[in-house]
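Asker: Provided below for reference: sequence and predicted model.
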Amino acid sequence: MDTPIPFGRPQIDEAEIEAAVAVLRSGILVHGPVTHDFERAFAARLGVAEAVAVSSCTAGLHLALFVHGVGPGRRVAVPAMTHVATAHVVELQGATPVFVDVDPETGNMDPDALAQAAAEGPLAAILPVHYLGLPCDMDRILPIAEKAGALVIEDCALALDATFGGRKAGGLGTCGSFSFYPVKHMTSIEGGMVTTDDPDLAATLRKRRAFGYNRQLGERARPGLYDVDALGFNYRMSEVEAAVGLAQLAKLDASLAARARNHALIAERLATIPGATIFPDRHGKAVSSHYCINLVLPRSGAISRDAVQDALKSMGIGTSIHYPGAVPLFTYYREKYGYRPGQFPVAEWLAAQTISLPVAAHVSAADAERIGDAAIAAVRSAIAGT
């Protein structure tokens, strides 16, 4: 059997190891200069004024809602197809998630459904998720937000370096939050980054990510002397994580080029599969960051996803699912809010009938060709078995 190809694998080598060891030897593990360097480099990469390092993308989304006072009695629009974290941060604030179905061509928040949600009641915020790295239609979402007086907090977990109209995701709304989980475009072991063009917002985020201290470590007149004049969290990034992130950032161009190449090679083969489609990596003004490639099977269920996924596994191809359910139909949200199957038909279809295939930098060009050919064989086998 050929060597298995996992869905994701962090690309760690001596650069990251040496960077982490240097921090460990420095004795400064938090509140240090490496985190500041990482923030500046990340902001420059995205072309935004500010970047604020946090402990995770989820922490960044939560913090953005928290500092804007989005809480009980406020409504927040969330796509029905996303990682549950996007909705959880709204719940954690005591606000109400208003789930919006998604576009069948992209998996992104459907602007028409969003407009309907805005018409049904005031929205305090909109959390557009750039699904699998393809930016949402911000030309339609931003005017809805402006009319509603709503914040736009981009969930950029899978959208590093994705663009809309030439501008990078994370610089399109009020702020954006990125993920550095091990199998994302780059990793800092764990961690995230909030980006914004608003210096005042960045300053507030920095204060509230560290308990609400009125003075940061280097600003204190005496060691250990500070006041706390606001609520905050322990959402800081460590110096080791920042060091790994900086090393990863230096490799990002090569990593993204590999992803784009692999996406193109696999997409070319998948175009020949009968009865299945893929989401585009370009749509209108949006250009994807190529997190993965999604094989979309018919709504009818005529092709069994389980059969396709099992066949791919037998051929050594790692897969994933993004995501295993429409969020409002997960038990927590279904039981709390009374949602029922059929209310979010597109999200429900994608949850039941999509398979995510790997395109990351651990996949060689030959691997990509093998993945595409295996997917063709898997779908044909599933069709023959029905």
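Answerer: Perfect, I can see it now.

Asker: make it CA atoms for all contacts and neighbour counts henceforth
Answerer: OK.

Asker: Tell me where the protein is predicted with low confidence.
Answerer: Low-confidence segments of the chain, defined by pLDDT under 70: 1, 217-218, 220-221, 386.

Asker: Would you map out the domains in it?
Answerer: Taking automatic domain parsing as the reference, the chain has its domains at 14-249, 252-384.

Asker: quick one: Leu350 from Leu270, how far?
Answerer: 17 Å (Cα to Cα, to the nearest Å).

Asker: ah, wrong one, I meant Arg74
Answerer: The gap separating Arg74 from Leu270 is 43 Å, by Cα to Cα.

Asker: got it, and Gly165?
Answerer: Gly165 is 27 Å from Leu270, where distance means Cα to Cα.

Asker: Just to check, Val363 is in contact with Pro4?
Answerer: No: counting by Cα atoms under 8 Å, Val363 does not reach Pro4; the two are 10.6 Å apart.

Asker: For those two, indicate the residue with more neighbours.
Answerer: The neighbour comparison of Val363 against Pro4 (other Cα atoms under 10 Å) goes to Val363, with 21 against 13.

Asker: what helix or strand does the more buried one sit in?
Answerer: In the assignment (DSSP states H and E), Val363 maps to no helix and no strand.

Asker: who has more neighbours, Arg74 and Leu270?
Answerer: Using other Cα under 10 Å as the criterion, Arg74 and Leu270 rank with Leu270 on top: 22 against 19.

Asker: Phi first, then psi, for the more buried one.
Answerer: When read as degrees, to the nearest 10, the backbone of Leu270 gives phi -70, psi -20.

Asker: Show the contacting residues for the residue lying closest to it once chain neighbours are set aside.
Answerer: In this structure, Leu270 finds its nearest non-sequential neighbour in Gly372, 6.1 Å apart by Cα to Cα, 6 or more residues apart in numbering. When the contact criterion is Cα atoms under 8 Å, 6 or more residues apart in numbering, the partners of Gly372 are 265-267, 269-270.

Asker: Helices along this structure, start to end?
Answerer: Counting by DSSP state H, the chain has helices at residues 14-26, 33-46, 57-67, 84-92, 111-119, 138-148, 199-208, 239-249, 252-270, 305-314, 331-337, 345-353, 365-384.

Asker: quick one, which of these is nearest to Gly171?
Answerer: Closest approach to Gly171 among the helices of the chain (Cα to Cα): helix 33-46, 7.4 Å.

Asker: residues in contact with the closest one?
Answerer: With Cα under 8 Å, 6+ apart, helix 33-46 has contacts from 49-53, 161, 168-171, 193, 195, 237-239, 242-243, 245-246, 249.

Asker: Out of the residues you listed, name the ones that lie in strands.
Answerer: Using DSSP state E, 50-53, 168, 193, 195 are the members of these that sit in strands.

Asker: And the domains of the chain: which comes nearest Gly8?
Answerer: domain 14-249 (5.2 Å).

Asker: What's the end-to-end length of that closest one?
Answerer: Taking Cα to Cα, domain 14-249 runs 14 Å from one end to the other.

Asker: Turn the ones in strands among the contacts of helix 33-46 into CSV, including neighbour count and distance to Lys313.
Answerer: As requested, the ones in strands among the contacts of helix 33-46 are exported to CSV (neighbours: other Cα atoms under 10 Å; distance: Cα to Cα, whole Å):
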residue, neighbour count, distance to Lys313
Glu50, 25, 43
Ala51, 30, 39
Val52, 26, 39
Ala53, 29, 37
Lys168, 21, 35
Met193, 29, 34
Thr195, 32, 38
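
Asker: which of the residues you listed lies closest to Lys336?
Answerer: Closest approach to Lys336 among the ones in strands among the contacts of helix 33-46 (Cα to Cα): Met193, at 30.8 Å.

Asker: what about the closest residue to that closest one other than its chain neighbours, distance to Leu123?
Answerer: Spatial nearest neighbour of Met193, chain neighbours left out: Ala53 (4.5 Å); criterion: Cα to Cα, 6+ apart. Separation of Ala53 from Leu123 (Cα to Cα): 27 Å.

Asker: got it, and Gly171?
Answerer: 21 Å.

Asker: Go through stretch 94-107 and flag the buried ones.
Answerer: Residues 95-103, 106-107 are the ones in stretch 94-107 that count as buried (16 or more other Cα atoms under 10 Å).

Asker: Just the C-alphas of it, formatted as CSV.
Answerer: Taking Å, rounded to 0.1, in the frame of the first residue of the first chain, the C-alpha atoms of stretch 94-107 are listed here in CSV:
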residue,chain,number,x,y,z
GLY,A,94,-25.3,35.8,26.8
ALA,A,95,-26.3,37.1,23.4
THR,A,96,-28.6,35.2,21.0
PRO,A,97,-27.1,33.6,17.9
VAL,A,98,-29.3,34.2,14.8
PHE,A,99,-28.5,31.4,12.4
VAL,A,100,-28.3,32.1,8.7
ASP,A,101,-28.3,29.5,6.0
VAL,A,102,-25.5,29.5,3.5
ASP,A,103,-25.0,29.8,-0.3
PRO,A,104,-25.0,26.5,-2.1
GLU,A,105,-22.3,27.6,-4.5
THR,A,106,-19.7,28.6,-1.8
GLY,A,107,-20.9,27.4,1.7
